[in-house]
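K.L.:
model this:
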Amino acid sequence: MLTTALKKTDVKRILCFIFLCVLCLLMGAAPSWGASKKKGHAVPARKEHKTAAVPAPALPQIKEWGPYLDVAYELTYWDKNEIKEWREKRDQEIGETLTSYIATWNGKLMSGQKGEQPQLFRDRDYLRLAIAQTVDYLQSDNQESLAAAAKTIESLKGKASMPEVAYWSGMVKALQALERDDADDFVAQVYGIWNGSILYIEKNEIATGATSGSVPTNTPFYYRNLINLVVNRAIIARKLDGLNALGPLFVMMNDRNLGEKDSEGKYTKTLVQRIVDGLNAPDSDCYRLNFTVAAIESKRLQQVASAKLDAEGMTEAVQKTYERARTYNDLCFKWAAGPRSSGVVTAAVDYLDMTSFAIPRLADNENSASYKFFATLPDQEGRTALLKSMAIFNDIAPYSAGGWERAGYQSRELYLKSAHRLWRAIMELALWTGDYYLVKLNTTQDSQSIQSYATSMQMALNSYLNFLTAQQGRGYNDVIPDSAYFGAFEASDKVSYAYRKVSEFSTDNGAYNLWFTHRLLSAELFPLSLREVRQTSSALKKDGRYNLYLDYFLPLASRIKQSPAIKKWVSAQRPETATASLAYITTIDKLFAGTATADAPSDTQLVASFQSMREEMQRNPDHPTHNLLKLFYLEEIQKNSNFTKLVKEPNRLDRPF
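P.N.:
This is a model prediction of the structure:
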């Protein structure tokens with residue numbers, strides 16, 4: 001006969017058992033995970049692992065999965081390898097694998113759905129099974145486990161108002177939204193977790209005094225899970241678009257205690273701070289979470305790739321890191337506010353800088369040609385990046401006259417600063433590419449190779465010279481930095497050398513005329529290059545074409561003495577600078593003609609001083625002489641002189657007297 005009555009001895013045994021269970025849960029139910037920290041995370045900032053809120057090192061090891069699953073929120077922001085390592089250790093410790101636990105409890109809880117005698121189970125049993133299935137998915141990406149977790153947690157939908165159930169239910173649904181690439185549902189589920197679970201957990205901790213430090217707090221783990229879910233899983237791993245609505249979540253998270261100690265490194269805090277800073281940065285696309293995270297990850301990978309390249313040279317690992325950086329840089333363009341926004345300019349500058357860093361190192365790495373990514377940097381890849389960036393500059397230049405706020409800039413000054421950065425990045429990549437081929441040109445004797453390297457070098461450098469020329473007449477001179485004209489001098493100087501090399505293998509004067517034209521252009525852009533002027537004079541004498549020097553270079557010296565732009569610039573300089581400049585201007589015609597008197601500064605001193613100035617100008621884009629070069633060149637290029645005619649038609653040199 002069945003009865004619900006219990007014997008006294010049974011009651012005592014049950015009460016004893018319950019007491020022991022409660023004691024065990026109070027002292028050891030939140031176990032120390034014991035997983036070691038790993039390197040190589042895919043997130044922009046590395047996370048550290050926390051032990052349980054209530055560690056119990058003196059107690060015997062727990063021999064069941066339940067207590068571990070109750071605090072699984074402490075590890076679900078870890079990466080797959082870390083969860084796998086933790087899981088294997090617990091399998092051995094408990095003596096039952098998590099897979100076996102899932103199978104056993106799935107059989108128990110689903111038994112009533114198969115027509116068998118229904119059996120009552122605690123809500124905790126359903127929740128633990130759902131958590132176990134979710135952990136399995138997080139470690140393995142097994143969608144069947146995720147679907148099973150969703151089915152299990154659905155059994156507790158009547159308790160969805162309970163913060164713990166709301167958290168895991170929202171987490172499962174958010175992960176399912178990721179699998180479907182459903183950005184709208186993902187955003188809704190994340191805010192559901194925040195509003196329906198975490199805020200309640202926060203209030204409870206405030207009410208119980210946990211936030212005072214006297215009682216362990218669990219909210220940092222929930223924060224980190226949500227940060228990892230959005231940043232790592234959704235944006236970095238899945239590259240899910242349309243998550244900008246989650247930006248305010250990180251602003252709120254920035255004020256929370258993420259539970260990180262100074263000794264451990266505040267990695268998550270740093271990540272959140274960088275995101276918040278990026279959301280309203282003056283050179284970023286404001287309040288666009290997708291763009292901000294992609295920009296942070298791209299920049300991080302660029303730094304890693306650059307360090308690896310310097311330390312290891314060209315390797316497969318370095319190439320892959322560069323390619324990953326390029327992937328997130330491309331996402332910056334995709335997720336920017338518009339095709340010509342402030343964020344797009346920043347992304348373009350980042351990629352130009354990364355390419356400029358790699359190209360000079362190619363010559364020192366003999367195996368660079370065997371890596372496709374690196375092999376294309378000076379040629380196809382670099383050329384495409386230059387053309388793309390030049391097009392961006394052409395489109396943002398009109399903002400100088402107004403409308404810069406539409407591109408996301410907070411002021412005209414910030415717009416100009418950004419435009420100048422873009423220009424310098426374009427200029428630097430063109431010059432580094434030219435230098436790369438210059439090394440090739442100087443280390444080969446084969447005529448075909450000379451022709452090939454010279455052509456590639458001319459294409460890169462002429463693209464910059466043509467870019468500068470194309471800006472003339474647009475009326476946006478303030479958008480072009482002063483250093484652009486010194487960069488044009490360097491480009492023209494290198495191009496002239498390439499044409500000189502090619503002319504030795506030519507049967508006509510085409511390359512020779514281009515050599516002379518670029519030598520003259522170099523002198524017009526940087527009339528302080530005495531050494532190069534003298535080299536041109538010597539070459540023309542040797543070639544029997546000294547008349548070209550008399551016709552073009554000596555008039556340049558006269559223009560320098562008479563230039564209103566130069567006189568105005570000198571009058572605005574400090575006394576020592578003005579005195580030195582006037583000394584040079586006074587004797588410029590004699591110096592060009594090679595007939596300087598003993599009273600004038602010696603050639604050796606001048607060459608040395610100008611070489612020193614040239615090196616300083618290369619390092620400092622704000623050097624005052626950059627402005628002088630710009631003023632002098634713009635003063636002359638607007639005239640209809642022999643120089644401007646020659647620049648437009650180099651072959652006019654072949655016409656008879």
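
K.L.:
now residue 91. Its backbone dihedrals?
P.N.:
phi -60, psi -50 (degrees, to the nearest 10).

K.L.:
count of neighbours near it?
P.N.:
By other CB atoms under 10 Å, 16 other residues sit near residue 91. Bear in mind the C-beta positions are built from the backbone N, C-alpha and C, glycine included.

K.L.:
same thing with residue 646?
P.N.:
Residues near residue 646, counting by other CB under 10 Å: 20.

K.L.:
just give the closest residue to it, not the sequence neighbours.
P.N.:
Nearest residue to residue 646, sequence neighbours excluded (CB to CB, 6 or more residues apart in numbering): residue 517, at 5.6 Å.

K.L.:
what about that neighbour, which helix or strand?
P.N.:
helix 510-525 (DSSP states H and E).

K.L.:
any idea how far residue 312 is from residue 461?
P.N.:
30 Å (CB to CB, to the nearest Å).

K.L.:
so where's the stretch 551-657 of the chain shaky on pLDDT?
P.N.:
595-603, 606, 657 (pLDDT under 70).

K.L.:
can you get me the start-to-end distance on stretch 173-186?
P.N.:
8 Å (CA to CA, to the nearest Å).

K.L.:
so which bits of that stretch are buried?
P.N.:
173-178, 182-183, 185-186 (16 or more other CB atoms under 10 Å).

K.L.:
give me the more crowded residue out of residue 312 and residue 461.
P.N.:
residue 461 (28 against 11).

K.L.:
for that one, give me the pLDDT.
P.N.:
For residue 461, the pLDDT comes out at 97.

K.L.:
please apply the same query to residue 399.
P.N.:
Value listed for residue 399 in the pLDDT field: 93.

K.L.:
can you tell me the SS state at it?
P.N.:
helix (DSSP: H, G, I helix; E, B strand; the rest coil).

K.L.:
so where is the chain shaky, pLDDT-wise?
P.N.:
In the chain, residues with pLDDT under 70: 1-61, 111-118, 210-215, 366, 595-603, 606, 657.

K.L.:
which helix in it has the most residues?
P.N.:
The residue-count maximum for a helix in the chain (DSSP state H) belongs to helix 412-442.

K.L.:
got the buried residues for that helix?
P.N.:
Buried residues in helix 412-442 (16+ other CB under 10 Å): 415-416, 418-438, 440-441.

K.L.:
so what's the residue count around residue 123?
P.N.:
14.

K.L.:
revised request: answer the last question for residue 561.
P.N.:
By other CB under 10 Å, neighbour count at residue 561 equals 13.

K.L.:
what's the answer for residue 572, then?
P.N.:
For residue 572, using other CB under 10 Å, the count is 12.

K.L.:
how close does residue 285 get to residue 328?
P.N.:
Residue 285 is 15 Å from residue 328, by CB to CB.

K.L.:
only the C-alpha atoms, please, for the helix holding residue 517, written as CSV.
P.N.:
The C-alpha atoms that make up helix 510-525 are tabulated as CSV, following Å, rounded to 0.1, in the frame of the first residue of the first chain:
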residue,chain,number,x,y,z
GLY,A,510,62.0,60.8,-75.6
ALA,A,511,63.5,59.5,-72.3
TYR,A,512,66.3,62.1,-72.4
ASN,A,513,63.8,64.9,-72.7
LEU,A,514,61.8,63.6,-69.8
TRP,A,515,65.0,63.3,-67.7
PHE,A,516,65.8,67.0,-68.3
THR,A,517,62.2,68.1,-67.7
HIS,A,518,62.0,66.3,-64.4
ARG,A,519,65.4,67.7,-63.4
LEU,A,520,64.2,71.2,-64.0
LEU,A,521,60.9,70.4,-62.2
SER,A,522,62.9,69.2,-59.2
ALA,A,523,64.9,72.4,-59.2
GLU,A,524,61.7,74.5,-59.4
LEU,A,525,60.2,72.6,-56.5
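
K.L.:
nothing else from me, thank you.
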